[in-house]
Structure formats: C-alpha cells, structure tokens
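Participant: no FASTA, just this:
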C-alpha cells in the first residue's frame, strides 16, 4: 500500500495542476459555500486521527455485523467481549426471557449468572449446560447483544482530529467523527459524518458528509444533480469530491457534501437558528402530505408548528389559500426538476426531504419551504430509467399521483390544488425554462465530459484492488452486492451511452442508464410528450441520435435463469435447498446461488433420504419423525434442513393442518397427524380448546392453536378489549384487517369485520404474538428477544410483542400479507414478505405477498 500512497500524492498534484487555472464557470451567480467554490476540480484530503481503541472499535463493529449475521455466521469471541457488550446483562436476559429454565438452575450456577463481572468462559459454560444451541449462535441469533447502529448508540468518536489538506494548505480541527448514511450501510464502503467544534469553521461549513455513492457506477449522478439544482437556485446542498484517510490508512474516494444544519440555514436564509428546520421520513407519521419532525431533538416534544401546518394543508382547497403559508413556486419547480432528473427517491410524504419554516422579516409572513437532497439515484438509475414519459405519466409511474400509504389509498392533494399536470401552463413554462437554462444536452454533455476527465484517475485508484485483492475502504459484509464491485470500466462507459443491467433483483431487472444517453432521451421526450418548442437544441430530437451511439449494455448476471440469485460456480455441486419453484440451490460466498448444472453433477436428495430439502421459503412443519421435520413443497414431501430447525423443540409443530390433497407416488413418512375431531371450531375441522390454561404453541390467520388430548385445538375463549364496553365483540382472527370506514367514538381505535359483523381490532391483530400470551408494545420498537421468528420488547418489566407498525421504521422491512412486494408500478415497495408469505410475480407490473400455503395449494391442484 505504500506504493498506492505515492500514486495518490502524484495524482492529486497532477490533477490539481491541470485544473488549477480552470475554475468552475458552470454557475452564473454562485451562492454555494466557500468550501465548494475552493474545491471545484481540486480534491481535498480529509485525514482523520482517532485513538487505537476507537480505530479497533470501528473495524470490529463492522466485522461483528457480518460475523453475527445468520447468513454469514462465524464465531468471533471479540464480538462477545466488545466495548458495547455487557455479559452480565446477557446472562440476566437469558434467565429473564426463559432461554434458561430457572427451575433447573443450581444455586452455584445462579450465583454465576447474577455476578456482574461474569466472564465469557463462565457464560459459555452456563449456556452449554442449560441451552442446546451452540454458544456463538445463541449470542448472535437472539438479539442478546446489540451492535451500535444508526438507530441505537451509533459509532461516534467525540474527540477525533481532522487534518484538512487543500491545494497545498493544511489546517487542523477537533471534530466529531461518525458513520453516516442509512440504507447504504449494507454495502462494503461506508459513509462518514464530520462535525467541527462550536467555534470552528471549514470555509463556511461546520458539518461535512462523505458518501461512498456505491449505487452509482458513474460516480457523477449526485454531483451533476446538485449542480443542476444550484444553477436553478433551488434550496439544496452542494457537492464535490474528497479523499479520506483514517489513522493513515487510505479509505478511498468520496462524494463530499454539506448538510441542512445551522451554517447552511444562516447562509441561505440569514437565520442563526434551526428551530424551524424539520427532517422528513415516512416513518415519522401517516400523512399523505409530509411526515416530519423537528431536526432539533430538544424541541420535538413541545413543537406544535408542524402539526398546525399539517392541519392547514388538510383544510386548504385553493391555490391562493396554499400560497399564504406554503412556497408554491419552489414546490412546483422541485416537481419539474424531479421529472427531468428522474429523481424517483424524493416522494413528498417519504424521505430525502426537509422542510423549513421561513419567517420573512420584511412583511412578517411565515412560509414553509421544501428542501431536497441525496440525488445518487437520478439520470435513469434503477427504477426511473424509462425516458419516454410526460410530466403526468412520470408521476403516475412513480406512485406520486395515486398511491397507497399505511394501507389506505390517497390522491396527491397538492398536485390537485395546484393542478400540476401536462396541461398546466406554469408546468410547461418551467420545464422549458429549466431545459433552456441547464437541462439540455448542449450544456450537460460537456459538463459530464469535464467531470469525467477530472475524476478518471481517482476512480481508477478507488476501484483497483491491491495485492490482497481488496478495494480501498471496503469492509466485508454479510451479503455481497453488485454495487460493491463496480469497476473502473463501468465508470468509463456509464458516463457515456452504455447501460448497466443488474439482474440481482427478483422484482425486475434494474437498469442504470448511460448518463449521456439518458440526458438526450429525457430531453427529447420531455419536448415531444409535453408539446414544447425545443428548437434551441433541435438536433437532439432526431429519433436515432442517441441510438446510433448506444453500445451493448453491460450485464451483471445475479439473476440466474430468473431466480433472483447468482449462478453457482462449477465447484458448487451439493444441494443446500430449493426455491419456491423447486429449483435447486447451493451455498457460496455467504449467499444462496442457483444450481444450473447437469443432472449427473448434482448430489441429490436431503440428508440421506430420497426426498429433496425444503427451500428457505417453507415454514410449515407438517409433522416430525426420527429423520427430522417434514413439510410439503411443489406437491411432494421435503425435509427441512437442520440449520433451519435446530432451535425448534419437538413439540412445536407449526401447522396443524394436513394438506388437502394426497401427495402423489412417494412414500409417506410413518408418523401420522392425529385424526380430526367432528366437533368443529370456527369453520375449521378441529375442535375448540376446552382448557383456558392450555399452552398456545402456534398462531396463524385462523387464530391461536394449542394441543389437548393428543390433538390440535383452536383457542376460542372470548377475548376482552376496548370494544366490549361498546357492546361490540373483539376481533378473534389474527388475519382480520382494519376497516377504515369505522372508528371508535374517541377516534383512537378501529374496527374490523368478522362473520359479517363489526368487531374491535385489538392486540391479536396488531402484533404477531399479541392476545393471550403477550400484549403489544405500546411505547417501544426496541427488540430485546427473538423467538421462533417473532420479536419481543420490554415494557414495565414484562415482555411485549413488537407490533407490525414498528416494521415501518425498519429500512429492511418486508411487506405484509397481500401487500405489493415489487413490480414496475411499485418500485418503492419492499421486495420481501413477512414470515409465512412469499412474493408472487403476478405480472411485470405487480407482485403481491401470498401465503406459502397458497403456493402449495396451487401446485397440488
């Protein structure tokens, strides 16, 4: 790596010399902070120094995220003794949550468990003695150890030192240094945040964001988008590039931008305070307008301004009313720019948006102003690569005109009030003005060339592996993504006309359009579809202008034969599972792979039987014998692999129902399911339970199941809830959906419909384990225990079931039963389904979560 350091220094000197006299003339009236003016076509170095302990903690945190993940588990004792681990707490939880049966623990062992200074060796001895699960897996799989994350106790160094080098000048600062970003943390190259001390200032900015932008093979989209927005004087951030070192180690090349914080507000609006700055995300509420909270945590509890703003929006019907308190001009211009850039990740009610309440001191008026940021998924990247759309068609395509939010259907009221559509003269005028001023190929293509030439040596270094085969600043993660491995060649061609197709998604092929091709095509169709006069750049309106320059796309085949998985390499021959269509899967590089081999090359059948292993989609256990746990897949018996079932006790048989159809031809395992009773319960073919104290061991959409007198029974004792006071029964079925037509008199509760009668929605429907055994958590989404794929929190000293609503705050949430899980018309939906459901491709436009039993029934019928 010493050679690389010399190369880096040479590159910096060479590029700085070439571009030193070529300051950026892209902006007419440049209002950006001085930091970005000084770093145009000059790459600064951010050199971070932290203590050895903090340095090890950073690398250990990321290593433990991998090693303690089920997909890539490796026993790593360093993860169990890390600074954030309290072994005494782990031991106490093991007892408290029933992982260890307290009734059989000896007095001597109980003293060890209660010891606040319990050692790892002592804890392992206890776990080995009382729990069958291997020690490392036990600590990793049950949320007993919480690794610092962006939501809890995140990695942050408060006393880091920054040495900032720019164009031969060196300055030093005391800073806070932390990991940054949200959804991109799954990738190998992390993002970072730098915050200067109170009295410090880095050329007009106190908060710096360094982002890896791994999703963009061109490494230009974020920068180019900010450039366009700044030329238009839209309220947004600024962007350039930087190199990062941590304790002398080169961590790679990054996008550098500022943040919506005090220094930005002061420069833009002349306000020294950020008390009226609001950060927005769909997890902060259920409004169809905006969902935001005050950016200052100390002000959130008593803040009423945003609630008043939401109420006023809901009661506004005319443009004139809206203009009184909302910056209509800026909002409309943002929609035009979103359309032209293809900025699909800026839905108003979701994220990548801030709101600022501006007080105009000249007239005393207050107006809410939208501020947008984070533009790495623009210019035809991923889900907005269709160019031939009008303004209206684009927003329909991006689910911003008609959409479903928290299970309810909405229309975009702001668009309706402002009549933002293809016929709106202001929309047409703004589209044409933006295209004349900046968004046209005559302006943007030379900009792309200039940035590309400047970035070339830095991208080459950042995407070149060292002698150990590693890329700068990358950490090993539980899952390897294509985006982690974009190449220097990808940069060269994707900044031109070459599309990159990534076949790693089960919902559709993801396309990253060649930037130049997309600019030309979007410009052409924006002119044609919206009926605009674009004579100022007429040569680009020719049908074949970009097509004549479009080479064959680059394809990353992580969708072997449409499986959504990569193909296994030739060295993988053993079947580890099957997918929902019965296709055989192997395991390679910590991930499933699709076995696409000749029959004679494959080791058949599961664990010495003549039956296949079940796929990871199967969760129904039909019965157990000495061989293992049996289920049904593709109309045939299958055996669940040991690693899927090692935590399930023999008496926890998941599905009491026998398949409706006979399984053809193959021999039935000896153990039979108990005969059904004639005393049917709630429309099933099983009796109601007779003992209120019978243990509920399984729950599905039909209700809670127990086992009495050697047979399954359905728990049917009358529940009590808020609605009984209104003489309305409580809902009993776990699958009963909320009917939003009916609400309780106080508006706090809702009803459902069962057996054609209204019933009160309660804990049984609101959380996976709510009802008989546990209450739903009311005040927390923090998981303290996971058992049988169900998550539990703790309130008032008791376990509670984590409600379904908490998953809305989770970046990796899965869609619920029968909700969309992908398709061209649902690009922003989750691509996985909750436990017990699989994502079925109905057509290329719509994918939906169906019960796994639905798949089996279709196959059997």
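Facilitator: Yep, that arrived. Note that this is a predicted model, so its numbers are computed, not measured.
Participant: From now on I want contacts and neighbour counts done on CA atoms only, so please keep to that.
Facilitator: Noted.
Participant: Need the pLDDT of residue 811.
Facilitator: pLDDT for residue 811: 34.
Participant: Sorry, slip of the keys, the one I care about is residue 702.
Facilitator: 67.
Participant: go on, residue 102?
Facilitator: 87.
Participant: Same question for residue 479.
Facilitator: 76.
Participant: Does residue 783 touch residue 802 like I think?
Facilitator: Yes - applying CA atoms under 8 Å, one finds residue 783 in contact with residue 802, separated by 7.3 Å.
Participant: so what sits against both of the two?
Facilitator: Listed contacts common to residue 783 and residue 802 are 791, 792, 793; contacts here mean CA atoms under 8 Å, 6 or more residues apart in numbering.
Participant: I'd like the next helix or strand past whichever strand or helix holds the last one.
Facilitator: Yep, that's residue 793 we're talking about. Here residue 793 sits within strand 790-795, counting by DSSP states H and E. Of the helices and strands lying after strand 790-795 in sequence (DSSP H and E), the nearest is strand 798-801.
Participant: Could you chop this protein up by domain?
Facilitator: Domain ranges of the chain: 2-45+157-177+199-262, 270-424, 441-561, 563-631, 820-860, per automatic domain parsing.
Participant: Out of the ones you listed, which gets nearest to residue 751?
Facilitator: Residue 751 lies closest, by CA to CA, to one member of these: domain 270-424, at 14.3 Å.
Participant: Now do that closest one, average pLDDT.
Facilitator: Average pLDDT, domain 270-424: 91.
Participant: same check, this time on stretch 198-213
Facilitator: Mean predicted lDDT for stretch 198-213 stands at 95.
Participant: how about it: buried residues?
Facilitator: Going by neighbour count (16 or more other CA atoms under 10 Å), the buried part of stretch 198-213 is 202, 204, 205, 206, 207, 208, 209, 210, 211, 212, 213.
Participant: can you check stretch 725-742 too?
Facilitator: 729, 730, 731, 732, 733, 734, 735, 736, 737, 738, 742.
Participant: Looking at the residues you listed, spot the one nearest residue 278.
Facilitator: Nearest to residue 278, judged by CA to CA, of the buried residues of stretch 725-742 is residue 738 at 30.7 Å.
Participant: For the strand or helix carrying residue 313, which outside residues touch it?
Facilitator: Using DSSP H and E, residue 313 falls within helix 305-314. Identification of contacts with helix 305-314 by CA under 8 Å, 6+ apart yields 287, 289, 290, 292, 293, 322.
Participant: before we move on, what about stretch 148-165?
Facilitator: 44-51, 54, 58, 61, 84, 170-180, 182.
Participant: now do the same end-to-end measure for that stretch.
Facilitator: Stretch 148-165 has an end-to-end distance of 31 Å (criterion: CA to CA, to the nearest Å).
Participant: Now that stretch: buried residues?
Facilitator: Result for stretch 148-165 [16+ other CA under 10 Å]: buried residues 148, 155, 156, 157, 160, 161, 162, 163, 164, 165.
Participant: same question, stretch 162-177
Facilitator: In stretch 162-177, counting by 16+ other CA under 10 Å, buried: 162, 163, 164, 165, 166, 167, 173, 174, 175, 176, 177.
Participant: mean confidence score for it?
Facilitator: The pLDDT scores in stretch 162-177 average 97.
Participant: and if you look at stretch 748-757?
Facilitator: Averaged across stretch 748-757, pLDDT comes to 77.
Participant: quick one: terminal-to-terminal distance for that stretch?
Facilitator: 20 Å.
Participant: Give me the three-state assignment for residue 171.
Facilitator: strand (DSSP: H, G, I helix; E, B strand; the rest coil).
Participant: so what's it up against?
Facilitator: Residues near residue 171 by CA under 8 Å, 6+ apart: 163, 164, 165.
Participant: Show me those residues that map onto strands.
Facilitator: Using DSSP state E, the members of the contacts of residue 171 that fall in strands are 163, 164, 165.
Participant: quick one: which of these is nearest residue 491?
Facilitator: For those, the nearest to residue 491 is residue 165 (26.3 Å; CA to CA).
Participant: Any of the contacts of helix 305-314 buried? List them.
Facilitator: With neighbours counted by 16+ other CA under 10 Å, these contain buried members at 287, 289, 290, 292, 293, 322.
Participant: ok, of those, which one's closest to residue 409?
Facilitator: Among the buried ones among the contacts of helix 305-314, and counting by CA to CA, the member closest to residue 409 is residue 287, at 11.6 Å.
Participant: do you know how far that closest one is from residue 314?
Facilitator: Applying CA to CA, the value for residue 287 to residue 314 is 9 Å.
Participant: sorry, back to before: please identify the buried residues of the helix holding residue 313?
Facilitator: 306, 309, 310, 313.
Participant: do stretch 28-41 as well
Facilitator: Neighbour counts over stretch 28-41 (16+ other CA under 10 Å) mark 32, 33, 35, 36, 37, 38, 39, 40, 41 as buried.
Participant: JSON lines for the residues you listed, including distance to residue 401?
Facilitator: As requested, the buried residues of stretch 28-41 are arranged in JSON lines below (distance: CA to CA, whole Å):
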{"residue": "32", "distance to residue 401": "33"}
{"residue": "33", "distance to residue 401": "35"}
{"residue": "35", "distance to residue 401": "38"}
{"residue": "36", "distance to residue 401": "36"}
{"residue": "37", "distance to residue 401": "38"}
{"residue": "38", "distance to residue 401": "41"}
{"residue": "39", "distance to residue 401": "40"}
{"residue": "40", "distance to residue 401": "38"}
{"residue": "41", "distance to residue 401": "40"}
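Participant: can I get the residues you listed in JSON lines with pLDDT?
Facilitator: Formatted as JSON lines, the buried residues of stretch 28-41 follow (pLDDT from 0 to 100):
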{"residue": "32", "pLDDT": "96"}
{"residue": "33", "pLDDT": "96"}
{"residue": "35", "pLDDT": "97"}
{"residue": "36", "pLDDT": "97"}
{"residue": "37", "pLDDT": "97"}
{"residue": "38", "pLDDT": "97"}
{"residue": "39", "pLDDT": "98"}
{"residue": "40", "pLDDT": "97"}
{"residue": "41", "pLDDT": "97"}
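Participant: so which of the residues you listed would you say is closest to residue 194?
Facilitator: Nearest to residue 194 out of the buried residues of stretch 28-41 is residue 35 (CA to CA; 14.1 Å).
Participant: if you average pLDDT over stretch 125-136, what comes out?
Facilitator: Stretch 125-136 comes out at a mean pLDDT of 91.
Participant: Endpoints of it, how far apart?
Facilitator: Terminal residues of stretch 125-136 lie 12 Å apart, using CA to CA.
Participant: From the chain's centroid, how far away is that stretch?
Facilitator: 33 Å (CA atoms, centre = their mean, to the nearest Å).
Participant: do the same with stretch 24-42
Facilitator: The answer for stretch 24-42 is 33 Å, by CA atoms, centre = their mean.
Participant: Spatially nearest residue to residue 284, not counting backbone neighbours?
Facilitator: Spatial nearest neighbour of residue 284, excluding adjacent residues (CA to CA, 6 or more residues apart in numbering): residue 291 at 5.4 Å.
Participant: still on that earlier bit, which members of the buried residues of helix 305-314 define the maximum pairwise distance?
Facilitator: 306 and 313 (10.5 Å).
Participant: residues in contact with stretch 371-390?
Facilitator: 213, 215-216, 221-223, 225-226, 235-237, 341-346, 352-356, 398, 422, 510-515, 518-519, 521-522, 525-526, 529-530, 824, 827.
Participant: And it, what's buried?
Facilitator: Buried residues in stretch 371-390, counted by 16+ other CA under 10 Å: 371-390.
Participant: Stretch 190-199 too?
Facilitator: Quick answer for stretch 190-199 (16+ other CA under 10 Å): 190, 191, 192, 193, 194, 195, 196.
Participant: what does that stretch contact?
Facilitator: 173-181, 184-185, 202, 206-212, 473-475.
Participant: and these, which of them are in strands?
Facilitator: Those of the contacts of stretch 190-199 lying in strands (DSSP E): 173-180, 207-211.
Participant: follow-up on the earlier one: need the buried ones among the contacts of helix 305-314 in a markdown table (columns: secondary structure and distance to residue 89).
Facilitator: Formatted as a markdown table, the buried ones among the contacts of helix 305-314 follow (DSSP: H, G, I helix; E, B strand; the rest coil; distance: CA to CA, whole Å):
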| residue | secondary structure | distance to residue 89 |
| --- | --- | --- |
| 287 | coil | 39 |
| 289 | coil | 43 |
| 290 | coil | 40 |
| 292 | strand | 35 |
| 293 | strand | 33 |
| 322 | helix | 54 |
